[in-house]
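In: fold the following.
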Amino acid sequence: MLTIKGERKLAPTDLEDNYLCVERPYGPFFRSFTLPNTLNPYTITANYVNGVLELTIGKRAEAKPKQIKVNVAQKALGAAAPLDDAA
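Out: Model (predicted):
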């Protein structure tokens, strides 16, 4: 489970003609995400730049896909003998 907690501060606003306009919610918040078991929790890194939170989470070694080389052989058509250049 990955939980992100934070708090939005009330941005300063201008009082104009005795009314106040606030367009964004403020206060504490949290979000929780269920992560798959194929991730490695020890490789999580987080960066917060210009209001953007970037998380990088690596996979476990056994969860990475394996590449298997497949040899493809040419099968002869029918029972015909190989062609001879002299023919």
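In: list the contacts of the helix or strand bottoming out on mean pLDDT in the chain.
Out: One helix or strand of the chain scores below all others by mean pLDDT, DSSP states H and E: strand 2-8, with a mean of 88. Contact with strand 2-8 is made by 24-35, 44, 53, 55, as judged by Cβ atoms under 8 Å, 6 or more residues apart in numbering. Placement of C-beta: from N, CA and C, glycine included.
In: what residues sit buried inside that strand?
Out: Buried residues in strand 2-8, counted by 16 or more other Cβ atoms under 10 Å: none are found.
In: after that strand, next one along is what?
Out: Downstream of strand 2-8, the first helix or strand assigned by DSSP states H and E is strand 27-33.
In: got the angle for that following strand vs strand 2-8?
Out: 160 degrees (axes from the mean of the first three to the mean of the last three Cα atoms, to 10 degrees).
In: now the helix or strand just after strand 27-33 against strand 2-8, angle please.
Out: Note on strand 27-33: by DSSP H and E, the next helix or strand toward the C-terminus is strand 45-49. Orientation check (the same axes, to 10 degrees): strand 45-49 against strand 2-8 gives 20 degrees.
In: no further queries at this time; thank you.
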